[in-house]
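1. structural data only, the sequence is not supplied:
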């Protein structure tokens, strides 16, 4: 399982249906909210997504971030930006992993 490519984030769509998305899909127009069962999980998901976007996007200035806020990138653009980090987000495997227990001890 790859945390960047697989659908594991619960969201609520405009039609009221709960769905599961990959992180790069967060920009889909019909997503209205994160929809984990517990509010603290929604908060953790927000922090995860903020960190992911901050570390993978090619924004270098406040003006660029403002332009992005006014006209968000497409899910396809997010997928491209996230792609170079995909190996680190492989849930199991060889090499460095996202929040590997060796990296937090």
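-> Arrived safely. Everything numeric in this text was worked out from a predicted model, so none of it was measured.

2. so what's the residue count around residue 21?
-> Neighbour count of residue 21, defined by other Cβ atoms under 10 Å: 19. To be clear about C-beta, it is placed using only N, CA and C from the backbone, and glycine gets the same treatment.

3. now do the one 10 residues further on
-> Residue 31: 18 surrounding residues under other Cβ under 10 Å.

4. what sits against it?
-> 11-14, 21, 25 (Cβ atoms under 8 Å, 6 or more residues apart in numbering).

5. do that again at 10 Å, thanks
-> Applying Cβ atoms under 10 Å, 6 or more residues apart in numbering, we find residue 31 in contact with 9, 11-14, 19, 21, 25, 75.

6. give me the subset of those lying in strands.
-> 9, 11-13, 19, 21 (DSSP state E).

7. give me the buried subset of these.
-> Among those, those buried by neighbour count (16 or more other Cβ atoms under 10 Å) are 9, 11, 13, 19, 21.

8. returning to what we had before: need the contacts of residue 31 in JSON lines (columns: pLDDT and distance to residue 46).
-> Listed next are those as JSON lines, based on pLDDT from 0 to 100; distance: Cβ to Cβ, whole Å:
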{"residue": "9", "pLDDT": "97", "distance to residue 46": "10"}
{"residue": "11", "pLDDT": "97", "distance to residue 46": "12"}
{"residue": "12", "pLDDT": "97", "distance to residue 46": "14"}
{"residue": "13", "pLDDT": "97", "distance to residue 46": "18"}
{"residue": "14", "pLDDT": "97", "distance to residue 46": "19"}
{"residue": "19", "pLDDT": "97", "distance to residue 46": "17"}
{"residue": "21", "pLDDT": "97", "distance to residue 46": "14"}
{"residue": "25", "pLDDT": "97", "distance to residue 46": "15"}
{"residue": "75", "pLDDT": "95", "distance to residue 46": "18"}
